[in-house]
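K.L.:
Coordinates for the following, if possible.
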Amino acid sequence: MAGGLRLTPPAWTLLAALLALASIAAWWQPAHRWDWEPALAWRQPWRWWTAAFVHWSTQHLVLNLFGTLLVVLVGRAAGCGTRAMLAWLLAWPLTHAALLLQPALQHYGGLSGVLHAGVAITAWQLITRPGLLTRTVGALLLAGLALKIGFEAPWRSTLRSVPGWDILIAPMAHATGSVAGVLCAALLVRR
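P.N.:
Numbers count the residues shown, from 1 in each chain. Here you go, the predicted model:
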């Protein structure tokens, strides 16, 4: 088309749309069928994916949908394309599987771990692009993510109460998502 107009959305946006729409659809489903439960991780492996769709309150769902939009916009601005989407797709189940490192977390649901993976992949995308400013922004984004994980201290407690939230937060999911995102981006996102 004239002017570079693309008729199909990029892969990065499509994956984010899948995450958002599936979360909305799952809102009316019983959480116990889809959430992350370490005792069921090997017998019901679909939970490695479906845990992202489970939200414990309306606030939880709305804020994660807003977070999804932010990750899409920042990823698009960073030039995240098919390889970045594949890294995000791979990081998704790895984020939840790594929660086995914290067996005290008996139930988990939400997009936040997968969104942290998306932010990590976006940062990696920027770091691998040419230009000092672009690389610096990527490094700062990755450093900010690491600082956030450090402040959340996932090694201290399984669940955390955060002022203003009507659910408990699982900091380990943010950490596992971030690490899975960086590892998958390192494998798949190239210059």
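K.L.:
Low-confidence bits of this protein, can you list those?
P.N.:
1-9, 191 (pLDDT under 70).
K.L.:
again, only using 90
P.N.:
1-9, 30-31, 129-130, 157, 161-162, 164-165, 189-191 (pLDDT under 90).
K.L.:
What segments of this structure are strands?
P.N.:
160-161, 168-169 (DSSP state E).
K.L.:
Of the ones you listed, flag the one that's most buried.
P.N.:
Among the strands of the chain, strand 168-169 has the highest mean neighbour count (mean count of other Cβ atoms under 10 Å), at a mean of 15. C-beta: built from backbone N, CA, C; applies to glycine.
K.L.:
what packs against it?
P.N.:
Packing partners of strand 168-169 (3 or more Cβ pairs under 8 Å, 6 or more residues apart in numbering; DSSP states H and E): strand 160-161.
K.L.:
Quick one: distance of the strand it packs on to the chain centre.
P.N.:
19 Å (Cα atoms, centre = their mean, to the nearest Å).
K.L.:
about what we covered before: need the strands of the chain in TSV (columns: distance to Ala31).
P.N.:
Listed next are these as TSV, based on distance: least, Cβ to Cβ, whole Å:
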stretch	distance to Ala31
strand 160-161	20
strand 168-169	14
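K.L.:
can you tell which of these is closest to Glu37?
P.N.:
Ranking those by proximity to Glu37 (Cβ to Cβ) places strand 168-169 first, at 15.8 Å.
K.L.:
still on that earlier bit, so for Trp12, which of the strands of the chain sits nearest?
P.N.:
The nearest among these, by Cβ to Cβ, is strand 168-169 at 25.8 Å.
K.L.:
returning to that earlier point: out of the strands of the chain, the one nearest His116 is which?
P.N.:
Nearest of these (Cβ to Cβ): strand 168-169, 11.9 Å.
K.L.:
Mind listing residues that contact that closest one?
P.N.:
Strand 168-169 is contacted from outside by Ser112, Glu152, Leu159, Arg160, Ser161, Val162, using Cβ atoms under 8 Å, 6 or more residues apart in numbering.
K.L.:
what pairs with that strand, and is each one parallel or antiparallel?
P.N.:
Using DSSP bridges, the strands paired with strand 168-169 in its sheet are strand 160-161 (antiparallel).
K.L.:
Can you list the neighbours in contact with the partner strand?
P.N.:
Outside strand 160-161, the residues that reach it (Cβ under 8 Å, 6+ apart) are Glu152, Leu168, Ile169, Ala170, Pro171.
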